[in-house]
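Predicted model, plus sequence, below.
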Amino acid sequence: MQNHTGTRTLVINALVAALYVVLSVVPGVFNLASGAIQFRISEALNHLVAFNRKYLFGVVVGVVIYNALFSPMGWLDVLFGGGQSLIGLGLVATLGQKLPKVWQRQLLAVCSMSLTMFLIWIEIVWTGHMAWFGGASMLTLGELVLSELVIMVISWPVMYLINKAVHFSNRVQ
């Protein structure tokens, strides 16, 4: 039975990764999936880790695949974007175990994913697109954090309601 459960978790995470890529392509067509203002609908999937930490792998792999295939920054976005997701969701998976209520873990996901966007800012600045500190740099940092915050806040109740019907935590064991 354990092998069946592990296979099920792997397949569900593969589906989550594929869904992440698909949900990122549409905003990417409008140049909203990369850069200083990122409005990836797929970021709603970050909330899955608030329901069950086993979703972390699927979401992070989805980020890495999307960035590898579609990001103008290439391998740097794989490294920084994947790293940002791994760190942010790793905090949710780790600290979330101490939070008894789903809404608390979702709030943690909102805060963690928004605040770790500073890693994307480091990538943008480091690659020479702007000075480390200054008006444009700080504006970019604010845009990154705000754009992640907006999608995470908007998707919070949506994912909560979907969970009521689907029961995310029961899908992976």
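Ah, there it is.

Show me what the helix ranked longest in the chain is packed against.
Using DSSP state H to assign secondary structure, the helix with the most residues in the chain is helix 135-166. Helix 135-166 makes packing contacts with helix 102-115, helix 118-124 when contacts are defined by 3 or more Cβ pairs under 8 Å, 6 or more residues apart in numbering; DSSP states H and E. C-beta here means a position set from N, CA and C on the backbone, and glycine is covered the same way.

Please spell out which residues along that helix are buried.
Neighbour counts over helix 135-166 (16 or more other Cβ atoms under 10 Å) mark 137, 140-141, 143-145, 147-149, 151-152, 155-156, 159, 162-163 as buried.

Give me the distance from it to the chain's centre.
Per Cα atoms, centre = their mean, to the nearest Å, the displacement of helix 135-166 from the mean C-alpha position of its chain is 9 Å.

low pLDDT regions in this structure?
Counting by pLDDT under 70, the ranges of the chain that qualify are 1-3, 27-38, 129-131, 135.

make it 90
Within the chain, the ranges that satisfy pLDDT under 90 run 1-7, 24-41, 70-74, 124-140, 170-173.

circling back to that earlier point, and the buried residues of helix 135-166, which is closest to Trp75?
Minimum separation from Trp75 among these (Cβ to Cβ) is found for Leu144, which lies at 19.7 Å.

Let me know the angle separating the longest helix of the chain from helix 102-115.
Between the axis of helix 135-166 and that of helix 102-115 there is an angle of 150 degrees, by axes from the mean of the first three to the mean of the last three Cα atoms, to 10 degrees.

Which helix or strand lies directly C-terminal to helix 135-166?
Once the chain leaves helix 135-166, the next helix or strand it forms, by DSSP states H and E, is helix 168-171.

Now do Met152 against Ala68, distance only.
Plainly put, Met152 is 23 Å away from Ala68 if you go by Cβ to Cβ, to the nearest Å.

likewise Trp121?
Trp121 sits 21 Å away from Ala68, taking Cβ to Cβ as the criterion.

which of those two has more neighbours?
With other Cβ atoms under 10 Å as the criterion, Trp121 and Ala68 differ in neighbour count, and Trp121 comes out ahead with 22 against 15.

And the helices and strands packed on helix 135-166: which comes nearest Gln173?
Comparison of those against Gln173 by Cβ to Cβ identifies helix 102-115 as nearest, at 17.3 Å.
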